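S.K.: Sequence first, predicted coordinates after that:
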Protein chains: 2
Amino acid sequence: MTVKQIQEIVVKAKKASYELAVVPSKIKDTAIRKMAEALENNSEAILKANKKDLTANKGLSKPLLERLSLSAPRINLMAESLREVVSLKDPVGEVIAGWQRPNGLWIQKVRVPIGLIAIIYESRPNVTSDCAALCLKSGNACILRGGREAIHTNRVLFNLLDTAAKRAGIPDGALQFIDTPERKALQYLLALDSYIDLVIPRGGEGLISFVQNHSKIPVIKHYKGICHVYVDEYADCSMAEAICFNAKVQRPGVCNAMETLLVHKNIARRFLPSMVRSYHDAQVEVRGCPATRAIVKGITRATESDWSTEYLDLILSVKVVENIQEAIEHINHYGSRHSESIVTENYSAALRFLQRVDSACVYVNASTRFTDGYEFGMGAEIGISTDKIHARGPMALEELTTYKYMIFGNGQIRT
Amino acid sequence: MTVKQIQEIVVKAKKASYELAVVPSKIKDTAIRKMAEALENNSEAILKANKKDLTANKGLSKPLLERLSLSAPRINLMAESLREVVSLKDPVGEVIAGWQRPNGLWIQKVRVPIGLIAIIYESRPNVTSDCAALCLKSGNACILRGGREAIHTNRVLFNLLDTAAKRAGIPDGALQFIDTPERKALQYLLALDSYIDLVIPRGGEGLISFVQNHSKIPVIKHYKGICHVYVDEYADCSMAEAICFNAKVQRPGVCNAMETLLVHKNIARRFLPSMVRSYHDAQVEVRGCPATRAIVKGITRATESDWSTEYLDLILSVKVVENIQEAIEHINHYGSRHSESIVTENYSAALRFLQRVDSACVYVNASTRFTDGYEFGMGAEIGISTDKIHARGPMALEELTTYKYMIFGNGQIRT
């Protein structure tokens, strides 16, 4: 695609964004329902395209192929997920705050769509339908840019979604798809800061840093999750074991799974041997610091790079720390500001950890695996933001909005 | 300054930011009070440094020299402005929302400092003290980078502020100053995205686009204000005249002053002649579209570039529009998303304008000049954001914060 073609898409989307911003919920909800139906009624065409992608990408790793591959039940789940977006409250129009000034000016802070959002993602084709629905429901026009490996699937999905949306009265141009895998196209897109209000990259480190390096548009990163559990000296050992097992083993391939376990030196001898046994029974490879390896034999040595690695796999690094402050500093230094948990029965330790750990989600006595839009009760999410500006943690409908001030006067002038 | 020196400053500031984040209001307020005293008690040293800057920059335009120059009363005003920050409510620690999940997890969304903020600004030395105090009060470490022309003044100011803050118990390193006018130093700074959480550029177009092009860190732009007043066909003419006069003339050199006046064609003949007379009496140069020039003789022709020019001066561009939709589209196309006002007695026109104009502040029947932290009742501000991400419009203490989720459990694991 040429610069000019990308620009045409973006200009059209921007124009549509102004219209979409004032479309009432009823029409948006009907559109999303129709989009769900379109997926269900065309599963054969979707699967055919998906087969093309799978054939063209045989060289991919098994987990990546698994993420790429669709089936009839998976398509039904995608449709279900759209219907869940319908059931969520439309955030647009909420009066967040309002007050009157001494001169009579009546100020209202009102929630409005952000405008035009570009979403750059990889592999999973369900991101195409989820993001289209979330943007639409929150009144944002969107430009979808999926990965090279899913292009046939995404093309078919997009055409179904876009046609259904338009039929239901969504302005033409509000949904857009960059139908090329070229990096150049992405670069053209990222330069159009006078039209695109926000870029959300979802994917691996390479993709995220490419976007960050080339974008003049504000970016909210959905970066890796290097999540920690810190077992304090005052932890309930059996609770700690259940939480640490859950955080690592229940679903290791996701961003809110634990990657590093920190253990206070005063509880390490009591806690670690049986914990490591449970991990080994569950096929978890444990990599330890010298103190860990002195307590439990037969553990591989953790290197410096382990502390900043997101394994997304049944691998865990373990470090014994001198005190809670060392744990907090380790997390703030090596973590990705995603989710961390302390297990403790000590009030002051809990408070210190909550206040001093600089992450989106900080837990006391619970698994990090709860960082998720549904688990938080916010509904479907566009991802988990690891940034601190605008949105932090699960990014759902409300986080896809901004605000403006509407000011009602009756002739006020400034003196 | 070398890359290494900049990096040392930034690493130190980041470390201090973790400490400052948990310093209680009482200490922060004492520090800001001491900073105010330090300015007042050292006005001679400040004025001496300011004289150096004024001598070194004789070539600057009059308004720029005026902005750069300090006096004893001005220094007292700077101290007063710090005391006003003391009187504002500390936003840190506010529980924005909280709810319990069916599994017993108790989630709290808590307001916290952003962390480490870099502020890049030009000329006015009072920005140094204002920004230091606002960042400190909101628990953020900050790196100040003023303009080349004010470097002697800023250096003295910074040393006074920093010494006073440290004496009151603010962590060493929380306030930082980049003591060189080199652009290279700024470039080094903008690359340190793993330490700096936010960059706020305040200044001219050149500075803003330099920051935007070189920063890997999130940027909240405080860009120009191309503000509009739209006089609707159903406007009260005398109210419209008062508002339009105020928005242009009361203080033309600021970002919330009107730059373009839009007039509905059905009221133009009634409204424009007397309006333009008032402007001419106030020495305002009026530049008009063909329709405007057909109605009032002796007006210079507005060119395409006038519609996107921030005059910051007694100059105004005027355009007659077919209808309200043309006014809205003109604003969304040429405006800078700052502040716009409609003057009308028609309910539907007011609603349409409020909903469809994509700006931070949208007024009905009031002057755009009210877009200001004090006028909004928010207190001192770091500036007016023209971005849509994180903060929009007046950016005061609350907008210098983010949030984190604190989650209280009693052993919850995910199944």
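M.R.: It's in. Since this is a predicted model, take the numbers as computed values, not measurements. Residues are numbered from 1 along each chain as shown, chains lettered A, B, ... in the order given.
S.K.: Only C-alpha atoms from now on, for both contacts and neighbour counts.
M.R.: OK.
S.K.: Just the closest residue of chain A to chain B, please.
M.R.: A:His390 (3.8 Å; Cα to the nearest Cα).
S.K.: neighbours around the nearest residue to that residue once chain neighbours are set aside, how many?
M.R.: By the measure of Cα to Cα, 6 or more residues apart in numbering or on different chains, the closest residue to A:His390 outside its immediate chain neighbours is B:His390, 3.8 Å from it. Other residues lying near B:His390 total 20 when counted by other Cα atoms under 10 Å in any protein chain shown.
S.K.: what's near enough to touch B:His390?
M.R.: With contact taken as Cα atoms under 8 Å, 6 or more residues apart in numbering or on different chains, B:His390 is in contact with A:389-391, A:402, B:220, B:399.
S.K.: which SS class is it?
M.R.: coil (DSSP: H, G, I helix; E, B strand; the rest coil).
S.K.: so how far is B:Glu398 from it?
M.R.: From B:His390 across to B:Glu398, the span is 11 Å (Cα to Cα, to the nearest Å).
S.K.: try A:Asn159
M.R.: 43 Å.
S.K.: Between those two, which is the more surrounded one?
M.R.: Set A:Asn159 next to B:Glu398 and count neighbours by other Cα under 10 Å: B:Glu398 wins out with 19 against 15.
S.K.: Can you tell me, leaving aside adjacent residues, what's nearest to that one?
M.R.: B:Pro91 (5.7 Å).
S.K.: Any idea how many residues pack against the one you found?
M.R.: So B:Pro91, with other Cα under 10 Å, has 20 neighbours.
S.K.: Also the one 5 residues further on?
M.R.: Residues lying near B:Ile96 (other Cα under 10 Å) number 11.
S.K.: Return the residues in contact with it.
M.R.: B:Ile96 neighbours (Cα under 8 Å, 6+ apart): B:108-111.
S.K.: switch to 6 Å and redo it
M.R.: B:109-110 (Cα atoms under 6 Å, 6 or more residues apart in numbering or on different chains).
S.K.: Surely A:Gln108 touches A:Gly98?
M.R.: Yes: contact criterion Cα atoms under 6 Å: A:Gln108 and A:Gly98 qualify, at 4.2 Å.
S.K.: Of the two, which one has the most company?
M.R.: Comparing A:Gln108 with A:Gly98 by other Cα under 10 Å, the one with more neighbours is A:Gln108, at 20 against 13.
S.K.: part of a helix, is that one?
M.R.: No: counting by three-state DSSP, A:Gln108 is not found in a helix; it is strand.
S.K.: For chain A, just list every one of the helices.
M.R.: Per DSSP state H, chain A carries helices over the ranges A:3-20, A:25-41, A:43-56, A:62-68, A:72-87, A:126-137, A:151-167, A:183-190, A:205-214, A:237-249, A:265-281, A:290-295, A:324-334, A:347-356.
S.K.: what's the most buried one of the ones you listed?
M.R.: Mean neighbours per residue, mean count of other Cα atoms under 10 Å in any protein chain shown, is largest over the helices of chain A for helix A:126-137, with a mean of 25.
S.K.: How far off centre is the helix or strand of chain A with the lowest mean pLDDT?
M.R.: When each helix and strand of chain A is scored by mean pLDDT, DSSP states H and E, helix A:62-68 comes last, with a mean of 87. Centroid separation for helix A:62-68 versus its chain: 19 Å, with Cα atoms, centre = their mean, to the nearest Å.
S.K.: How about residues contacting that helix?
M.R.: Counting by Cα under 6 Å, 6+ apart, A:123-124 sit against helix A:62-68.
S.K.: repeat that for 8 Å
M.R.: A:50, A:54, A:57-58, A:123-125, A:149-150.
S.K.: could you dump it to PDB, C-alpha only?
M.R.: The C-alpha trace of helix A:62-68 is given here as PDB (Å, rounded to 0.1, in the frame of the first residue of the first chain):
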ATOM      1  CA  LYS A  62       3.100 -25.000  18.100                       C
ATOM      2  CA  PRO A  63       1.700 -22.400  20.600                       C
ATOM      3  CA  LEU A  64       1.600 -19.700  17.800                       C
ATOM      4  CA  LEU A  65      -0.200 -22.100  15.500                       C
ATOM      5  CA  GLU A  66      -2.600 -22.900  18.200                       C
ATOM      6  CA  ARG A  67      -3.300 -19.200  18.700                       C
ATOM      7  CA  LEU A  68      -3.800 -18.700  15.000                       C
END
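S.K.: longest strand anywhere in chain A?
M.R.: strand A:401-412 (DSSP state E).
S.K.: and that one, which strands flank it?
M.R.: strand A:106-113 (antiparallel), strand B:361-366 (parallel) (DSSP bridges).
S.K.: average pLDDT across the last one?
M.R.: Mean pLDDT, computed over strand B:361-366, is 98.
S.K.: ok, now stretch A:136-147?
M.R.: 97.
S.K.: so what are the domain limits for chain A?
M.R.: A:3-222+A:387-408, A:227-370 (automatic domain parsing).
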